[in-house]
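> Have a look at this prediction, sequence included:
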Amino acid sequence: MAGSVDENRGTTTAQLLKGQRALVTGANSGIGKATAIALGRAGADVVVNYVVGADEAEKVVAQIKDFGVRAYAHEADVSDEDQVAAMVAQMVREFGTIDIMVANAGLQRDAPLAEMTLAQWQKVIDVNLTGQFLCAREAAKEFVRRGVVPEVSRSAGKIICMSSVHQIIPWAGHVNYASSKGGVGMLMQTLAQELAPQRIRVNAVAPGAIRTPINRDAWSTPEAEADLLRLIPYRRVGDPDDIANAVVAMASDLLDYVVGATLFVDGGMTLFPGFATGG
């Protein structure tokens, strides 16, 4: 139910985003799925973007609708300019406008530098970085056109970029991914600086190690998880809901004065735990 308490966290976000309309890219699995559902639980209407996996996207839509809000799935490749523009335009037709853009879609194409192909490099940059630029740009156009609607939100709109701890932590063997996330950090800050005078808030959420399909090998066995936990001072691997809850808070008026910030949700991974005893 829309007013229910989150059984896993003991807290409620019901109606925190009532009347707002959100688009989440890459929302049919992992962090994007959890985020889309959390936004719906908080009272927002949600567009569930996906590029493959229509059945899973429709399941997410059904879960969101159970909260008494509107939702639909939209297939679009975020690295394609025309598809992103068409996706946001359809959302405006369906829901009237957009209040929250969560640029979450991302992927990995890992290889050592000497073996990485240009295609592997370009695909990750196109989706992880260019895709966030395109989504932010199209959302910002609508935010500027509409302006602030005080009964909905104190801001004209919110853009939340999904970054990573690898925004600041180098990652050998993943130069395309780390470079894309480093770029997301500067993209977010620059957009925040440019758009803040128009009451548009741009921020980022940066996950650490989260139990998602993209990194299953890192936590799926006891041995792998024990090795991973050496990098996490808090001594647990994160869940998608940890990120989803952070996005809901960042999208709400509770954090209206937060502009151009990256919230690291990582159990302390960015504290560089190897230096706790080796510094």
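Thanks, I have it. Numbers count the residues shown, from 1 in each chain.
> Quick one: the helices in the stretch 151-279 of the chain, in order.
Assigned helices in the stretch 151-279 of the chain, in chain order: 175-195, 222-229, 240-251, 275-278 (criterion: DSSP state H, counting those that start in this stretch).
> so of those, which one's packed in deepest?
The highest average neighbour count among those, using mean count of other Cβ atoms under 10 Å, belongs to helix 240-251 at a mean of 23. (Glycine included, C-beta is placed from N, CA and C.)
> Now the closest residue to Ile232 other than its chain neighbours: phi and psi?
Excluding the flanking residues, the one nearest Ile232 by Cβ to Cβ, 6 or more residues apart in numbering is Gly267, at 4.3 Å. Per-residue torsions, Gly267: phi 60, psi 20 (degrees, to the nearest 10).
> Quick check, Gly267 in contact with Arg230.
No - using Cβ atoms under 8 Å, Gly267 makes no contact with Arg230, being 11.9 Å away.
> Just want to know which of the two has more residues nearby.
Neighbour count, other Cβ atoms under 10 Å: between Gly267 and Arg230, Gly267 has more, with 23 against 10.
> residues contacting the more buried one?
Listed by Cβ atoms under 8 Å, 6 or more residues apart in numbering, the contact set of Gly267 reads Gly208, Ala209, Ile232, Pro233, Tyr234, Arg235, Arg236, Val237, Gly238.
> related to what we said a few turns ago, mean pLDDT and distance to Glu75 for the helices of the stretch 151-279 of the chain - can I get that in TSV?
What follows is the helices of the stretch 151-279 of the chain, written out as TSV (pLDDT from 0 to 100; distance: least, Cβ to Cβ, whole Å):
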stretch	mean pLDDT	distance to Glu75
helix 175-195	98	22
helix 222-229	89	33
helix 240-251	98	22
helix 275-278	80	45
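> CSV please, covering those helices and showing distance to Cys161.
Output for these, formatted as CSV (distance: least, Cβ to Cβ, whole Å):
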stretch, distance to Cys161
helix 175-195, 5
helix 222-229, 25
helix 240-251, 10
helix 275-278, 28
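> pull the CA atoms of stretch 40-59 into PDB?
What follows is stretch 40-59, C-alpha atoms only, in PDB (Å, rounded to 0.1, in the frame of the first residue of the first chain):
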ATOM      1  CA  GLY A  40       6.400   5.000  -6.800                       C
ATOM      2  CA  ARG A  41       6.200   4.100  -3.200                       C
ATOM      3  CA  ALA A  42       6.900   7.700  -2.300                       C
ATOM      4  CA  GLY A  43       4.000   8.900  -4.400                       C
ATOM      5  CA  ALA A  44       5.500   9.700  -7.800                       C
ATOM      6  CA  ASP A  45       4.300   8.600 -11.200                       C
ATOM      7  CA  VAL A  46       7.100   6.700 -12.900                       C
ATOM      8  CA  VAL A  47       8.300   6.000 -16.400                       C
ATOM      9  CA  VAL A  48      10.300   2.800 -16.500                       C
ATOM     10  CA  ASN A  49      12.900   3.000 -19.200                       C
ATOM     11  CA  TYR A  50      14.600  -0.100 -20.600                       C
ATOM     12  CA  VAL A  51      16.600  -1.100 -23.700                       C
ATOM     13  CA  VAL A  52      16.100  -4.800 -23.500                       C
ATOM     14  CA  GLY A  53      13.900  -6.900 -21.200                       C
ATOM     15  CA  ALA A  54      10.400  -5.700 -21.900                       C
ATOM     16  CA  ASP A  55       8.800  -8.400 -19.700                       C
ATOM     17  CA  GLU A  56      10.900  -7.400 -16.700                       C
ATOM     18  CA  ALA A  57      10.000  -3.700 -17.300                       C
ATOM     19  CA  GLU A  58       6.300  -4.500 -17.300                       C
ATOM     20  CA  LYS A  59       6.700  -6.300 -14.000                       C
END
